[in-house]
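>>> Fold the following.
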Amino acid sequence: MSFEHAPVSKGLMMGCALTSIVGGIFDVKHYLHLQFVPHISRHHQYWRLLVHHLAFSSSSDLLIAELLLYNAAVQIERQFGSVKFASFAIASLLLTTTLEFLSLLLLHWIGLNHIPAGSITLVFSILYQWFRIVPPVYHFRVFGVSVSNKIFTYVLASQLAIGHLPGSFASALIGILSGLIYRSDFVNLKSWRLSPSVIRFARRFILPVIGSTRSPRRSNRARPDIFQATSAPTSASLGNEEVITTARPTITPVRNRNGEPGVIAGTGSSVMREWVNELTGRTEQPGTGTHVPSETEIGHLTGIFPDIQRDVIVGTLQRSPNIERAVETLLRSSG
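Below is the predicted model:
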């Protein structure tokens, strides 16, 4: 899987990794977590409500979040489209920030005073969409219990949810609740989109920084080169090297001596050409022309020699320069 048709997911992963690394290098991660007492209640540092989404507090949390985003966010963006997915991500961040503030305000007296750094809520909001939209690929049994391939993603998500209890678990629940609210369209979030000016700005300045998201082109060669030239290869060396590929054979239309149409496999279909040579008994020398017999010639010789098989007649016509020589060959062989 690649980032093809998923530039927002790639940018989100790059942004999380970059801010987490920069925060660790400059030792500013203590500004990135959210704590109700004393940061919100006493010092009124409300900017922490938004800043704590930017970077993760540890490298293990960052690694798990990157794996979850790669497995889930790319598929969700391809389903939604980049514009809708970016709008969904921003709406989820705003919604989860509000829910986090309300949770700290109402539940700090029972021990929920700290929310760990990182966009855990956004990850779980995306995971909820992935849970509802993407079907499992296969099922298998573990100790008699039937599970799907999605269980591995859920195990990773559970590690992120229980990493910094109780704050990380609360963030996971808030992210799932946010994804549920978005999917139910309770407050008409599905129809909201980013403004065209923001989209044009992102395409002009942010997309070039993210880079290409096209998947790498796969070669159709069935085997690697058997020679390594220190200089540019000559045409003779290229002609002697037969390249076997997995591409479909190209069929080139040709005409025989009588002007009637025929077909012959192209130069790229070496496997097919060898099979035809073996079937018809033809030994084609490089650089010589190939006689493609027409149905008229084959039918004419079949009428003259009804006891001779068709493949023998076709092979004789291919090896003979004309039909008269083919008749002489067949007469000598039958006599």
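
>>> any idea where the helices of the stretch 51-200 of the chain begin and end?
59-68, 74-80, 82-107, 120-133, 151-161, 167-184, 196-201 (DSSP state H, counting those that start in this stretch).

>>> can you tell me which of those helices comes nearest to residue 48?
For residue 48, the closest of these is helix 82-107, at 10.1 Å, according to CB to CB. For the C-beta atoms, the positions are set from N, CA and C on the backbone; glycine is no exception.

>>> Just the buried positions in the closest one, please.
For helix 82-107, a neighbour-count test (16 or more other CB atoms under 10 Å) marks 82-89, 91-93, 95-97, 99-101, 103-104 as buried.

>>> thinking again about what came up before, so which of the helices of the stretch 51-200 of the chain is the most packed in?
helix 120-133 (a mean of 23; mean count of other CB atoms under 10 Å).

>>> Quick one: mean pLDDT for that helix?
What helix 120-133 shows for mean pLDDT is 96.

>>> which residues of the chain score low on pLDDT?
In the predicted model of the chain, residues 1, 215-291, 334-335 satisfy pLDDT under 70.

>>> got the residue ranges for the strands in it?
34-35, 114-115, 139-142, 145-148, 251-255, 261-265 (DSSP state E).

>>> Now do stretch 123-134: distance to the chain's middle.
19 Å (CA atoms, centre = their mean, to the nearest Å).

>>> Let me fix that, I meant to ask about stretch 57-69.
With CA atoms, centre = their mean, you get 21 Å for stretch 57-69.

>>> and what of stretch 137-144?
Centroid separation between stretch 137-144 and its chain, computed with CA atoms, centre = their mean, is 25 Å.

>>> Contacts for that stretch next, please.
Under the criterion CB atoms under 8 Å, 6 or more residues apart in numbering, residues 146, 147, 148, 149 lie in contact with stretch 137-144.

>>> can you redo those as a markdown table with neighbour count and distance to residue 304?
What follows is the contacts of stretch 137-144, written out as a markdown table (neighbours: other CB atoms under 10 Å; distance: CB to CB, whole Å):
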| residue | neighbour count | distance to residue 304 |
| --- | --- | --- |
| 146 | 8 | 70 |
| 147 | 14 | 71 |
| 148 | 14 | 68 |
| 149 | 11 | 65 |
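
>>> From those, pick the one nearest residue 117.
residue 149 (30.7 Å).

>>> Can you tell me the closest non-neighbouring residue to that closest one?
Nearest residue to residue 149 in three dimensions, chain neighbours excluded: residue 137, at 5.0 Å (CB to CB, 6 or more residues apart in numbering).

>>> With residue 57 instead?
What sits nearest to residue 57 in space, not counting adjacent residues and going by CB to CB, 6+ apart, is residue 117, at 4.3 Å.

>>> picking up where we left off before, now the residue nearest to residue 149: how far from residue 24?
36 Å (CB to CB, to the nearest Å).

>>> between those two, which one's more packed in?
residue 24 (16 against 8; other CB atoms under 10 Å).

>>> contacting residues around that one?
Residue 24 neighbours (CB under 8 Å, 6+ apart): residue 59.

>>> closest to residue 318 out of the helices of the stretch 51-200 of the chain?
Among the helices of the stretch 51-200 of the chain, the nearest to residue 318 by CB to CB is helix 74-80 (51.6 Å).

>>> Show me what the closest one packs onto, helices and strands only.
Counting contacts by 3 or more CB pairs under 8 Å, 6 or more residues apart in numbering; DSSP states H and E, helix 74-80 packs against helix 7-25, helix 82-107, helix 120-133.

>>> Need the residues that contact that helix.
1, 3, 5-6, 8-9, 85, 88, 126, 129-130, 133-134.

>>> hmm, try it at 6 Å
5, 6, 8, 9, 85, 126, 129, 130, 133, 134 (CB atoms under 6 Å, 6 or more residues apart in numbering).

>>> Relative to residue 298, which of the residues you listed is nearest.
When these are compared against residue 298 (criterion: CB to CB), the nearest one is residue 5, at 52.0 Å.

>>> Pull the contacting residues for the closest one.
For residue 5, the contact set (CB under 6 Å, 6+ apart) comprises residue 78.
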